[in-house]
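J.: The following comprises the amino acid sequence and a computationally predicted model.
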Amino acid sequence: MQQISNFMRKNLIIAVFALVSTVAMAQEKCFWVFFTDKNDTQFDPYSYFDAKAIARYQQCGADLYDISNYPLNDSYINAVNTYATEVFGESRWLNAIGVEATDDNANRIAQLPFVARVQEIVSSGTMARVKTEFKETEDDKNEILTDQLIRFGGQHFIDKGIDGKGLRICVMDGGFPKVNTHPAFQHLRDNHQILKTYNFPNKIEDVYGWSTHGTMVLSCIAGINDKGQKLGLATGAEFLLARTEIDPEPFKEEVWWAQGAEWADKNGADIINSSLGYGKDRHWTRDMDGTSYVAKAANKAVEKGILICNSAGNEGDDNRWMTIITPADAENVLCVGGINADLEKYIHIGFSSYGPSADKRLKPNVVAFGQASVANPSNDKFTDAFGTSFASPLTAGFCACAWQTMRNKTALQMKAEIEKSADLYPYFDYAYGYGVPQAAYFTGDLMPAERSFNLVQEKDGVRIVFPKIIDKQYTFINVECADGVLLGYYQVAPDSTGIYLKNKDFGEGKKLNVSYNGFYDFCPINGMGGDINLLANSRNSQNGTFKKVKNEGWQTSFFLQLDHPLKSNQWNGSNTHFDFGFRWMYGKTYKIGMGLGLGWNEFICRNKDGQLDLLKGETRMKNFQLRGELFQRIAIRLWGINWDLGVYGGVNATRNITLIENINWTDNDGNALNPQPYDSKVVTYLSGAKAMNRFEYGATTRISYSIANVINIGVYGSYRLSPILTKDDPILGTKANNPSPWSVGVEIEVAP
């Protein structure tokens, strides 16, 4: 292949980076477009709202004629649409529309006189499921069918015939396949309890397809299994089913979520279950402070009398995220975390996201089982599933039953009552919230807890004394600052000698909160300062995790790369390049990165027909190389793909050329190609330093698939712009062409 001129090489490097920048500028993006007003719009709430919605407004004191309920100005939408590729959604509450447009057209939209601002949508939706085990439930493994309700004390509701009747629940999810046929929902179909459905991405009423997630979620609210046992408590409630998610779809769901909440409001919903969230794919943890637009929509729904249950998220074991997801971070949303499906051991389930919110508010609010028995969307049977996706609907069904006993309460009042009913209340921490809500609180069957420990003030601290150790019961302990933020918290088995906490470890003005076997007590801690050192297994609550994320946004990864320079006419052997090292990147969807690695190259020329015309044998070039790279990465959430494009440069630390003489080559038929009868002889070509370039540079590209945001496996290609052989060498420089500049191979990248 003819070598590229120096001019072309320089311009190709520039073009590599210009290409991604140009694509990024020209590609369609999604934006919120916010309007300044709702001038010239008309609104009649009595023709717009369902009668049940009107009754809810009146009961909670919300204003039917609030400006947030008025429609958007159609002329504004039409004007924006002349610049947008698509208007894919709108929100009355936010006085905004969602559009697809280029950056240039977004700038034009921002100049319109009735546009308050244009903001790129930077949230990526995820369904808060960890995994699903699709297996038939066997007769001897039924316990979870009752345990997920027993943990709430749900039998108290069942015994009194409380099943959520009179409550209307909207389930917002990614699809509901087989809900219209699965036996788990036969009672809902027979009694016409599914009132309305709407598919926001497709703008149709059909929701009975697409993601199986919603089917499993709905079964945790109101499903009944093949043995007649309840999977959820609210089997008597009415339902609205809204499809607001596309899997995958990185930008539009937040608009559809807001639309879904407004649709639920219009159609009389009392409760919304959202086993969905928007978090780490494009947001920073600092954004999880209740100020996202979907969080604002959620708070608005609560103002209008709707109780919202939202999954906390499944990032509990991801040290790069370390908080909850939005809209679970909204002040008025009931954020639900997960615990192990165990009636004896009260243990946080590893994947459930920890609080607090970014602005240090208590999250999650309550917890439920993070493992559940659900309707299997693939057939007419049942299966087990894991995730806070299922803790939230289990709680939503509980809330419907609880609200049935207190119909005079507003949504915000019910949120407070649900928290008070939880089995750790008033103790709380950032793993369990206030604990698991209990039905006995609402049926009048709750028995007062007996004192299970004493707090004894000693000279230098506080000792927690346990008169009786209760098997398999943990002590929950936290240290609370004056502003309500937890300094630290932990869970530990009690000891017969008690648990001793030194005042000096906490500082003055702190409060010690303890819960054990349902009993709660507290006392002040009056130390004079010292290190934050609750115990070795204490969770540092300054950010809700064991360790603090530093330089949020930077990611470090380790990579291994193996590729093969392609064969050419002369360099026709098993050419190999191996590289390993580290990369550092900054960003979310669009990242800028650099890498540093150590590589090894080998090029082989098997000179069967005298092409090289040096020795009748084999020529091998080997070198170790210190290589650096600069690259751009676009994380294409569609299918979990990463695309890298960049440049590299390397310094050849060693340059060695070996000549192997007098090899007896034969063809496929065994005929001698090189008739010399004597053995091979190896000669190290000592002038290799002159023959090989010291420096190498070129362009690279990679496409990789991300597994759990930790491992990227992909293919790699590079084009070398610099020659390997120089023309200065008296032998090779004049006799040999350079090996092919093209290389292809595979790579694995691991982010610790």
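T.: Everything's here; your move. Note that the coordinates shown come from a computational prediction; the quantities given were computed from them, not determined experimentally. Residues are numbered from 1 along each chain as shown.

J.: so where is the stretch 551-700 of the chain shaky, pLDDT-wise?
T.: Low-confidence segments of the stretch 551-700 of the chain, defined by pLDDT under 70: 551-553, 569, 588, 607-617, 636-639, 660-690.

J.: What segments of it are strands?
T.: Assigned by DSSP state E, counting those that start in this stretch, the stretch 551-700 of the chain shows strands spanning 554-565, 576-587, 590-606, 618-636, 641-652, 656-661, 681-685, 695-707.

J.: Let's have these in TSV, adding distance to Ser722 and mean neighbour count.
T.: Bear in mind the C-beta positions are built from the backbone N, C-alpha and C, glycine included. Output for the strands of the stretch 551-700 of the chain, formatted as TSV (distance: least, C-beta to C-beta, whole Å; neighbours: other C-beta atoms under 10 Å):
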stretch	distance to Ser722	mean neighbour count
strand 554-565	13	17
strand 576-587	14	17
strand 590-606	13	19
strand 618-636	12	19
strand 641-652	9	19
strand 656-661	17	19
strand 681-685	21	13
strand 695-707	5	18
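
J.: and Tyr430, which of the ones you listed is closest to it?
T.: When the strands of the stretch 551-700 of the chain are compared by C-beta to C-beta, strand 554-565 sits nearest Tyr430, at 24.3 Å.

J.: Tell me which other helices or strands the closest one touches.
T.: When contacts are defined as 3 or more C-beta pairs under 8 Å, 6 or more residues apart in numbering; DSSP states H and E, strand 554-565 packs onto strand 576-587, strand 590-606, strand 711-720, strand 742-750.

J.: mind running it again at 6 Å?
T.: strand 576-587, strand 742-750 (3 or more C-beta pairs under 6 Å, 6 or more residues apart in numbering; DSSP states H and E).

J.: returning to what we had before: and the strands of the stretch 551-700 of the chain: which comes nearest Ala341?
T.: strand 695-707 (26.0 Å).

J.: contacts for the closest one?
T.: Residues outside strand 695-707 that contact it (C-beta atoms under 6 Å, 6 or more residues apart in numbering): 16, 640, 642-650, 712-722.

J.: Just the buried residues of stretch 113-120, please?
T.: Val115, Val118 (16 or more other C-beta atoms under 10 Å).

J.: Rounded mean pLDDT for that stretch, please.
T.: Mean pLDDT, stretch 113-120: 96.

J.: Spell out, range by range, the strands that occur in the stretch 201-350 of the chain.
T.: 238-243, 271-274, 276-278, 307-311, 334-339.

J.: Reformat those as JSON lines; add distance to Ile470.
T.: JSON lines is the format used below for the strands of the stretch 201-350 of the chain (distance: least, C-beta to C-beta, whole Å):
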{"stretch": "strand 238-243", "distance to Ile470": "41"}
{"stretch": "strand 271-274", "distance to Ile470": "34"}
{"stretch": "strand 276-278", "distance to Ile470": "36"}
{"stretch": "strand 307-311", "distance to Ile470": "31"}
{"stretch": "strand 334-339", "distance to Ile470": "18"}
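
J.: least reliable of these going by mean pLDDT?
T.: strand 276-278 (a mean of 88).

J.: what packs against that one?
T.: strand 125-127.

J.: Specify the beta-bridge partners of Ile499.
T.: Ile464 (DSSP bridges).

J.: And it, how far from Gln438?
T.: 26 Å (C-beta to C-beta, to the nearest Å).

J.: more crowded one of those two?
T.: Ranked by neighbour count (other C-beta atoms under 10 Å), Ile499 and Gln438 place Gln438 first, with 24 against 18.

J.: and that one, helix, strand or coil?
T.: coil (DSSP: H, G, I helix; E, B strand; the rest coil).

J.: returning to what we had before: among the helices and strands packed on strand 554-565, which comes closest to Phe88?
T.: That would be strand 576-587 among the helices and strands packed on strand 554-565, by C-beta to C-beta, at 25.1 Å.

J.: Check which helices and strands the closest one sits against.
T.: Using 3+ C-beta pairs under 6 Å, 6+ apart: strand 576-587 touches strand 554-565, strand 590-606.

J.: ok, 10 Å please
T.: Judged by 3 or more C-beta pairs under 10 Å, 6 or more residues apart in numbering; DSSP states H and E, the packing partners of strand 576-587 are strand 554-565, strand 590-606, strand 618-636, strand 641-652, strand 711-720, strand 742-750.

J.: Quickly run through the sheet partners of that strand, with directions.
T.: Checking strand 576-587 against DSSP bridges gives partners strand 554-565 (antiparallel), strand 590-606 (antiparallel).

J.: so which of those gets nearest Gln111?
T.: Proximity to Gln111 (C-beta to C-beta) singles out strand 590-606 among the strands paired with strand 576-587, at 24.8 Å.

J.: Now find how far off-centre the closest one is within its chain.
T.: 31 Å (C-alpha atoms, centre = their mean, to the nearest Å).

J.: before we move on, what about stretch 288-304?
T.: Distance, centroid of stretch 288-304 to centroid of chain: 19 Å (C-alpha atoms, centre = their mean).

J.: Buried residues, stretch 445-456. List them.
T.: Counting neighbours by 16+ other C-beta under 10 Å, the buried set in stretch 445-456 is Leu446, Ser452, Phe453.

J.: Spell out the secondary structure type for the first one.
T.: Put plainly, it is Leu446. Looking at Leu446 with three-state DSSP, the answer is coil.

J.: do you know how far it is from Asn712?
T.: 51 Å.

J.: May I see the strands of the stretch 551-700 of the chain arranged in TSV, with distance to Ala116 as well?
T.: Output for those, formatted as TSV (distance: least, C-beta to C-beta, whole Å):
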stretch	distance to Ala116
strand 554-565	34
strand 576-587	28
strand 590-606	26
strand 618-636	30
strand 641-652	34
strand 656-661	66
strand 681-685	72
strand 695-707	36
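
J.: Bridged to Phe576, which residues?
T.: I think there's a mix-up here, since residue 576 is Thr and not Phe. Glu602.

J.: Pretty sure it sits against Met621.
T.: No: between Thr576 and Met621 there is no contact under C-beta atoms under 10 Å: 11.3 Å.

J.: Now do the shared contacts for those two.
T.: Asn601, Glu602, Phe603, Ile604 (C-beta atoms under 10 Å, 6 or more residues apart in numbering).

J.: Nearest to Gly305, out of those residues: which one, please.
T.: Using C-beta to C-beta, the shared contacts of Thr576 and Met621 come closest to Gly305 at Asn601, 68.8 Å.

J.: Tyr516 - how many residues pack around it?
T.: Tyr516: 22 neighbours (other C-beta under 10 Å).

J.: next one: the helix or strand encompassing Glu417 to chain centre, how far?
T.: Taking DSSP states H and E as the definition, one finds Glu417 inside helix 411-421. Centroid displacement of helix 411-421 relative to its chain, using C-alpha atoms, centre = their mean, is 28 Å.

J.: partner residues bridging Leu560?
T.: Counting by DSSP bridges, the residues bridging with Leu560 are Phe580, Ile748.
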